[in-house]
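Trainee: could you look at this predicted model? Sequence included:
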Amino acid sequence: MFHHVNAYPGDPILSLFQDFQRAPQARKVNLSIGLFYDENGAIPVLESVRNAAARIAAQGAPHTYLPMEGSAPFREAVQRVVFGEACAAVRERRVATLQTLGGSGALRLGAEFIKRYFPDSAIWISDPSWDNHRVLFAGAQIEVHSYPYYDAASNGIRFDAMLATLETLPARSFVLLQPCCHNPTGLDLTREQWRAVIACMQARGLIPFIDMAYQGFGDGLDDDAWAIRAMSDAGVAFLVSNSFSKNFSLYGERCGGLSVVCSSEQEATHVLTQMQAGVRRAYSSPPLFGAQLVAQVLGDAQLYAQWDAEVAAMRARIKSMRTGLRDRLRDALPGRAFDYLVEQRGMFSYTGLRAHEVDALRERFGVYLLRSGRLCVAGLNAGNLDYVAEAMASVLAPQ
Ligand code: LMR
């Protein structure tokens with residue numbers, strides 16, 4: 001009966017991570033998937049999360065079902081951390097927010113919504129974008145196109161070309177944008193560029209879908225959400241997916257949110273109820289534990305302050321690894337430009353390494369990057385920095 005089912009060739013990120021875990025090399029370094037490792041190479045359990053878990057355990061509450069849209073305190077916390085305390089749209093109850101299965105779950109739920117209510121609309125994603133963006137939207141039968149973004153020659157953003165493309169899109173097209181720590185390039189728009197994008201969205205009647213997976217890893221929790229707040233202040237209707245996988249180090253708990261900014265409370269209520277229906281069709285209701293952890297931390301002033309400081313420390317560690325790698329590569333290969341490592345933001349750097357160089361790093365040194373050349377800076381630490389820099393210098397050195 002299942003003879004016609006072909007094997008899935010695998011995912012460029014998740015399958016590579018599995019390969020890494022199985023790899024027999026004595027010395028190996030994972031710089032592929034977006035996981036934040038601490039200075040000892042471990043995935044941290046944040047103290048704020050540990051404290052929240054202790055409080056939740058002490059309450060001994062039953063493991064009941066959450067409603068389809070998720071936990072109310074979690075959803076309120078999402079609105080505060082994503083949109084800020086002063087957001088008019090939140091105050092006017094114009095934002096429909098659901099708890100989702102991580103950022104991916106939010107993107108997929110949003111995609112199903114788009115397909116149902118905007119069946120003729122396509123979505124435009126940056127070139128390049130997170131590999132799974134295309135897969136998620138195409139999987140919901142939405143046409144996916146790309147707009148220019150990365151400029152290999154200058155290691156910058158092709159902003160004029162990006163804007164020129166957006167200016168040609170039909171009204172009601174969706175545009176996927178990342179407000180901070182762009183995955184995979186680490187290159188973010190400036191505020192001035194965001195203002196131009198927002199004006200274009202309004203002038204052309206485009207609908208932004210903002211995907212924020214790394215809030216706090218760029219310049220700070222509020223700074224990283226600036227574009228979302230500017231968009232909301234400008235009165236644009238848009239969707240936001242956000243993830244707590246990285247900034248809470250809660251990857252496996254699948255904690256995320258989907259928010260839809262509407263023009264009235266009634267519109268937001270209708271959107272929310274249709275999203276509830278979408279959840280019921282797919283998995284009934286989201287899981288409880290991660291949402292309890294996040295809501296506990298974000299809803300308590302003391303735990304929030306502790307978490308904020310932990311996020312700041314993660315951000316600082318990533319930045320110091322960027323500088324460390326840049327310095328070592330500059331020393332090893334004088335005359336070559338490595339400043340992009342410190343200019344890019346967030347967990348990832350787009351190194352410009354070609355696929356055969358990435359393969360050589362993996363096969364000869366056990367250093368795993370994505371074949372696109374994306375390197376997860378958060379996998380570096382004082383114990384592997386020299387080794388990785390030497391390995392990179394060796395594959396980059398002229399033969
Ligand atoms: C990544 O880009 O490595 C992360 O977002 C993890 C994932 O699911 O791909």
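Mentor: Now that the structure is in, tell me what you want to look at.

Trainee: contact partners for the closest residue to the ligand within the chain?
Mentor: Here the residue of the chain nearest the ligand is Gly34; by C-beta to the nearest ligand atom that distance is 3.3 Å. Every residue, glycine included, has its C-beta placed from N, CA and C. Counting by C-beta atoms under 8 Å, 6 or more residues apart in numbering, Gly34 makes contact with 13, 183, 213-214, 246, 347-348, 376, 378.

Trainee: same deal with Gly235?
Mentor: Per C-beta under 8 Å, 6+ apart, neighbours of Gly235: 202, 263.

Trainee: which SS class is it?
Mentor: coil (DSSP: H, G, I helix; E, B strand; the rest coil).

Trainee: next one: Asp211
Mentor: At Asp211, secondary structure determined by three-state DSSP is strand.

Trainee: leaving out the residues flanking it, which one is nearest to it?
Mentor: Spatial nearest neighbour of Asp211, excluding adjacent residues (C-beta to C-beta, 6 or more residues apart in numbering): Ser241 at 5.0 Å.

Trainee: how about the one you found, phi and psi?
Mentor: Backbone torsions of Ser241, given as degrees, to the nearest 10, read phi -100, psi 140.

Trainee: and the gap between it and His133?
Mentor: Using C-beta to C-beta, to the nearest Å, Ser241 is found at 10 Å from His133.

Trainee: again with Asp160
Mentor: Asp160 is 23 Å from His133, by C-beta to C-beta.

Trainee: which one's more surrounded, those two?
Mentor: Neighbours around Asp160 and His133, counted as other C-beta atoms under 10 Å, are more numerous at His133. The numbers are 23 against 11.

Trainee: for the more buried one, which non-adjacent residue is closest in space?
Mentor: Going by C-beta to C-beta, 6+ apart, His133 has Ile125 as its nearest residue, at 4.9 Å.

Trainee: what is the subsequent helix or strand relative to the host helix or strand of the one you found?
Mentor: Here Ile125 sits within strand 123-127, counting by DSSP states H and E. Of the helices and strands lying after strand 123-127 in sequence (DSSP H and E), the nearest is helix 131-139.

Trainee: rewinding a little: which neighbours do Ser241 and His133 share?
Mentor: By C-beta under 8 Å, 6+ apart, the residues touching both Ser241 and His133 are 107, 211.

Trainee: stretch 91-110 near the ligand anywhere?
Mentor: No - on the criterion C-beta under 6 Å from any ligand atom, stretch 91-110 is out of touch with the ligand, staying 6.5 Å away.

Trainee: what about that stretch, distance to the chain center?
Mentor: Chain-centre distance of stretch 91-110: 14 Å, with C-alpha atoms, centre = their mean, to the nearest Å.

Trainee: quick one: end-to-end length of it, please.
Mentor: Using C-alpha to C-alpha, to the nearest Å, one end of stretch 91-110 lies 23 Å from the other.

Trainee: name the residues of it that come out as buried.
Mentor: The neighbour-count criterion (16 or more other C-beta atoms under 10 Å) identifies 94-110 as the buried residues of stretch 91-110.

Trainee: so which of the residues you listed are in helices?
Mentor: 102-110 (DSSP state H).

Trainee: Arg374 touches Gly352, doesn't it?
Mentor: No - between Arg374 and Gly352 there is no contact under C-beta atoms under 8 Å: 10.3 Å.

Trainee: give me the more crowded residue out of the two.
Mentor: In this comparison of Arg374 against Gly352, neighbours counted by other C-beta under 10 Å, the higher total goes to Arg374 at 26 against 14.

Trainee: who touches the more buried one in this structure?
Mentor: Taking C-beta under 8 Å, 6+ apart, one finds 183-184, 348-351 in contact with Arg374.

Trainee: give me the subset of these touching the ligand.
Mentor: Okay, of the contacts of Arg374 touching the ligand (C-beta under 6 Å from any ligand atom), that's Asn183.

Trainee: could you give the mean pLDDT of the one helix or strand His145 maps to?
Mentor: Here His145 sits within strand 144-148, counting by DSSP H and E. In this model, strand 144-148 carries a mean pLDDT of 98.

Trainee: which strands and helices sit next to it?
Mentor: strand 123-127, helix 131-139, helix 159-166 (3 or more C-beta pairs under 8 Å, 6 or more residues apart in numbering; DSSP states H and E).

Trainee: one more time with 10 Å, if that's ok
Mentor: Contacts defined by 3 or more C-beta pairs under 10 Å, 6 or more residues apart in numbering; DSSP states H and E place strand 144-148 against strand 123-127, helix 131-139, helix 159-166, strand 174-177.

Trainee: dump those into TSV; add mean pLDDT and distance to the ligand as well.
Mentor: Below are the helices and strands packed on strand 144-148 laid out as TSV (pLDDT from 0 to 100; distance: least, C-beta to the nearest ligand atom, whole Å):
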stretch	mean pLDDT	distance to the ligand
strand 123-127	98	14
helix 131-139	97	6
helix 159-166	98	21
strand 174-177	98	14
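
Trainee: now render the ones you listed as CSV, adding distance to Asp19.
Mentor: CSV is the format used below for the helices and strands packed on strand 144-148 (distance: least, C-beta to C-beta, whole Å):
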stretch, distance to Asp19
strand 123-127, 26
helix 131-139, 15
helix 159-166, 34
strand 174-177, 28
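
Trainee: out of these, which gets nearest to Asn40?
Mentor: Asn40 lies closest to helix 131-139 among the helices and strands packed on strand 144-148, at 29.0 Å (C-beta to C-beta).

Trainee: could I get the buried residue list for that closest one?
Mentor: Neighbour-count burial for helix 131-139 [16+ other C-beta under 10 Å]: 131-137.

Trainee: next: stretch 322-335.
Mentor: For stretch 322-335, by 16+ other C-beta under 10 Å, it's 322, 324-326, 328-330, 332-333.

Trainee: looking at those residues, which are in helices?
Mentor: Short answer: the buried residues of stretch 322-335 in helices (DSSP H) are 322, 324-326, 328-330, 332.
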